[in-house]
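Chemist: here is a sequence with its predicted model. Questions after.
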Amino acid sequence: MSIQKQGDKYLVDLRPQGRDGKRYRRKFDTKYEANQYEKHILATHHNKEWLERPADKRSLSELIDLWWKYEGQSKKTAPTYKRILKQIDKELGKPKAHQITHKLLSDYRAKHLDENKAMTTFNRKVMCLSNVFTTLIDAQEYHSPHPTKGFKVKRPRAKEMHFLSQGEIDTLLNALSGDALNVAKICLATGARWGEAESLKGCNVVQGRVTFVDTKNGKNRTVPIDVKLEKEFNTGGSGRLFKDCYHDFYSVQKRCEFGLPKGQASHVLRHTFASHFMMNGGNILALQKILGHSTIQQTMTYAHLAPDYLQDAVRFNPLGRSTK
């Protein structure tokens, strides 16, 4: 028998694909749970292609817990990732796995847009949801078709990326003080994200070079800085250089009233570095390495700021040859 009573537990032990197949062993508090699990394994893990597998009626929250077991907890931003998935589950109405269809996702997107939520936010949620099923399919824990496969996400409209002028940079730096000033200087000198600069340790700043560890793409990134700037910090040692000071920066930046769009409070420093880098004649490939972009397409956002960008339009346009 595949179900055996062991003390106060019920053990399920079976090989749905025969003696050479994978073995499934799991204990339950009740015989009913053990029977349900046995039926689920026999229905979804068999190797008889002529038998149609039934719809997976497990809840999305149960699949999220399985995803956490197999991959979620190892992700860099694990708590945030799990929080997003729990939010998706709630917003979709606690669906069963077989209820997640392209129609459901399309309605979900429409609701997002009706509530004036960003398209990028929805696309990120679909990506997170897709990762759950991809992980479980790879772990042989999900055997139905991938519910998000083939679902077309829509590109968000391109947004203007603001950057600070030299005068605005001076205004901001004059208004800041303490660690908020130092972190802002690091961002403006290296194109670092605020979190990367704020979490720097003394040992990350050595001989005119700043190394940002375990960045957004999981890689380290080293950027040279001016020796004068390096001397402004107490480098050396393994402790953090700066305390958490984002709120100090944010309040000062708001008082400066630069008219920045929502979501670009500290990120404007990264845009400012990249924009001035290109306007001053910097190389687009060098900028890609400095910013840590995985593809040149990400960096090309700043290409139009290069002094010689498409200057042939001025040289060869027909108006320049007109006598009028």
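Modeler: All right, it came through fine.
Chemist: okay, CA-based contacts and neighbour counts for the rest of this
Modeler: Fine.
Chemist: can you show me the strands along this structure?
Modeler: 3-6, 9-14, 24-28, 205-206, 209-212, 221-224 (DSSP state E).
Chemist: figure out which of these is closest to Leu164.
Modeler: Nearest to Leu164 among those is strand 221-224 (21.2 Å), distances taken as CA to CA.
Chemist: now do the contacts for Gly292.
Modeler: Counting by CA atoms under 8 Å, 6 or more residues apart in numbering, Gly292 touches Asn217, Arg221.
Chemist: again with Asn174
Modeler: Per CA under 8 Å, 6+ apart, neighbours of Asn174: none.
Chemist: Leu66 too?
Modeler: Taking CA under 8 Å, 6+ apart as the test, what Leu66 contacts is Leu136.
Chemist: then Phe122?
Modeler: Counting by CA under 8 Å, 6+ apart, Phe122 touches Arg109, His112.
Chemist: and the pLDDT at it?
Modeler: Confidence at Phe122, expressed as pLDDT, is 93.
Chemist: and it, how far is that from Leu60?
Modeler: According to CA to CA, to the nearest Å, Phe122 stands 18 Å off from Leu60.
Chemist: re the thing from before, in CSV: the strands of the chain, plus mean neighbour count.
Modeler: Formatted as CSV, the strands of the chain follow (neighbours: other CA atoms under 10 Å):
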stretch, mean neighbour count
strand 3-6, 14
strand 9-14, 19
strand 24-28, 15
strand 205-206, 18
strand 209-212, 20
strand 221-224, 17
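Chemist: need the ones you listed in CSV with mean pLDDT and distance to Ala189, can you?
Modeler: Converted to CSV, the strands of the chain look like this (pLDDT from 0 to 100; distance: least, CA to CA, whole Å):
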stretch, mean pLDDT, distance to Ala189
strand 3-6, 87, 65
strand 9-14, 89, 61
strand 24-28, 88, 56
strand 205-206, 90, 13
strand 209-212, 94, 10
strand 221-224, 95, 9
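Chemist: could I get those strands as TSV with distance to Gly237?
Modeler: Output for the strands of the chain, formatted as TSV (distance: least, CA to CA, whole Å):
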stretch	distance to Gly237
strand 3-6	56
strand 9-14	54
strand 24-28	49
strand 205-206	10
strand 209-212	14
strand 221-224	18
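Chemist: out of these, nearest to Gly167?
Modeler: strand 221-224 (24.3 Å).
Chemist: residues making contact with that closest one?
Modeler: Outside strand 221-224, the residues within contact range by CA under 8 Å, 6+ apart are Thr190, Gly208, Arg209, Val210, Thr211, Phe212, Val213, Thr215, Ile290, Gly292.
Chemist: same check, this time on stretch 181-199
Modeler: 173, 212-213, 215, 223-225, 233, 240-246, 249, 266-267, 269-274, 290-291.
Chemist: only the buried subset of the residues you listed, as a PyMOL command please.
Modeler: Here is the PyMOL command that selects only those of those that count as buried (16 or more other CA atoms under 10 Å):
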select buried, resi 173+212+213+215+223+224+225+240+241+242+245+246+249+266+267+269+270+271+272+273+274+290+291
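Chemist: filter the contacts of stretch 181-199 down to the ones in helices?
Modeler: Counted as lying in helices by DSSP state H, out of these, are Leu173, Tyr246, Phe249, His267, Leu269, Arg270, His271, Thr272, Phe273, Ala274, Ile290, Leu291.
Chemist: now the end-to-end length of stretch 189-206.
Modeler: 15 Å.
Chemist: typo on my end, stretch 290-298
Modeler: Distance across stretch 290-298, first residue to last, is 12 Å (CA to CA).
Chemist: good, we can wrap up now.
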